[in-house]
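Peer 1: could you look at this predicted model? Sequence included:
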Amino acid sequence: MANGTKIVTLKNGYHLWTHTENSPKKIKMIAVHGGPGDTHESFEGVPAFLPDIQVSYYDQLGSWYSDQPNFNDRQTAKKFLNIDYFVNELEEVRAALGYEKFVLLGYSWGAMIAFEYALKYPDKLSHLIIIGMSAVGSDFDKQMQIETARILGKSDFDYVFAQANAGNFNDLRYQQLMGKFYQAYYNRFSSSQTKHVADISNHQVSDRMMGRNPFSTVGELAGWNVENRLSSIKTPALLMVGDQDLISVAAAKKTAQKLSHSVFKVIKKATHVSLRDNPQEIFENIKNFLENS
């Protein structure tokens, strides 16, 4: 795969935007972005941090530069907005890039795809890197409640929690308080990208996959849990989580301990967007992991 952008035509006829840098290198990496419905942009600095690795990333179906079907159509949403589809989509991307064996890096929602891919296509992986996710989807919901209560205080948290559970997402006070939370949490170390990320996300995708309640996942990802299947993943794995992540350190460590061959690292001064908050530490960990496993 040459450096630059390649449009991949999937078997379903849709097109995905992919991008590769640092080619040609012996070690190949594919990075899978978060969301659902977010974009590749969090990975744009990765090749510079890993100059000895051929790095590819892409926008998933429905995201930013790739085709965006009308997911308001129920049949279209049902066919494509599920985790099995996105796992198989990644496999098509791998084949289109010509990678026989590669390092898989998954961030947040992309890490859920990565876990499932490692379970389904283990022969394609040399290493697995998980950032900001555990093996249990509800761990995110629990930590989101803890962080929101910590930032807003009990009274305001009780209010937004009740409104969210009632589906009152257009309530003005709810919106103001949640805006206060997101501002305080995501802008803690850097405010440069927060609004941009929200503006370019495909909320059709996220609403279908997770729902709009930030404290309780519904939709296709409700109940997602691969904890009891982790021991079958034999691929060497690196699991990293921010010390102020929306996946608790305890939950992430528990996941790492259930993997057969894993390294666990806590990223200092990092929220759920640890790739933005402390990239130097993340990529130092990745380099050491790939050199020693």
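Peer 2: Thanks, I have the structure now.
Peer 1: now do the strands in the stretch 1-150 of the chain.
Peer 2: Remark: strands assigned in the stretch 1-150 of the chain by DSSP state E, counting those that start in this stretch are 4-9, 15-21, 27-32, 53-58, 102-107, 125-131.
Peer 1: how about these in a markdown table, adding distance to residue 161, mean pLDDT and mean neighbour count?
Peer 2: For every residue, glycine as well, the C-beta is placed using N, CA and C. Shown next, in a markdown table, are these (distance: least, CB to CB, whole Å; pLDDT from 0 to 100; neighbours: other CB atoms under 10 Å):
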| stretch | distance to residue 161 | mean pLDDT | mean neighbour count |
| --- | --- | --- | --- |
| strand 4-9 | 42 | 97 | 13 |
| strand 15-21 | 37 | 98 | 19 |
| strand 27-32 | 31 | 98 | 24 |
| strand 53-58 | 35 | 98 | 25 |
| strand 102-107 | 27 | 98 | 26 |
| strand 125-131 | 27 | 98 | 24 |
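Peer 1: tell me who's in contact with residue 174.
Peer 2: 159, 160, 163, 164, 168 (CB atoms under 8 Å, 6 or more residues apart in numbering).
Peer 1: from residue 151, how far off is residue 177?
Peer 2: Residue 177 sits 10 Å away from residue 151, going by CB to CB, to the nearest Å.
Peer 1: more neighbours: those two, which one.
Peer 2: Neighbour count, other CB atoms under 10 Å: between residue 177 and residue 151, residue 177 has more, with 20 against 17.
Peer 1: need the CA coordinates for the helix or strand that one falls within. CSV is fine.
Peer 2: Taking DSSP states H and E as the definition, residue 177 sits inside helix 172-186. Written as CSV, here are the backbone C-alpha positions of helix 172-186 (Å, rounded to 0.1, in the frame of the first residue of the first chain):
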residue,chain,number,x,y,z
LEU,A,172,-32.9,23.8,28.6
ARG,A,173,-31.4,23.2,32.0
TYR,A,174,-30.3,19.7,31.1
GLN,A,175,-28.5,21.0,28.1
GLN,A,176,-26.8,23.8,30.0
LEU,A,177,-25.6,21.4,32.8
MET,A,178,-24.4,18.8,30.4
GLY,A,179,-22.7,21.5,28.4
LYS,A,180,-21.0,22.5,31.6
PHE,A,181,-19.9,18.9,32.2
TYR,A,182,-18.5,18.4,28.7
GLN,A,183,-16.7,21.8,28.8
ALA,A,184,-15.1,20.9,32.2
TYR,A,185,-14.2,17.3,31.3
TYR,A,186,-13.1,17.4,27.7
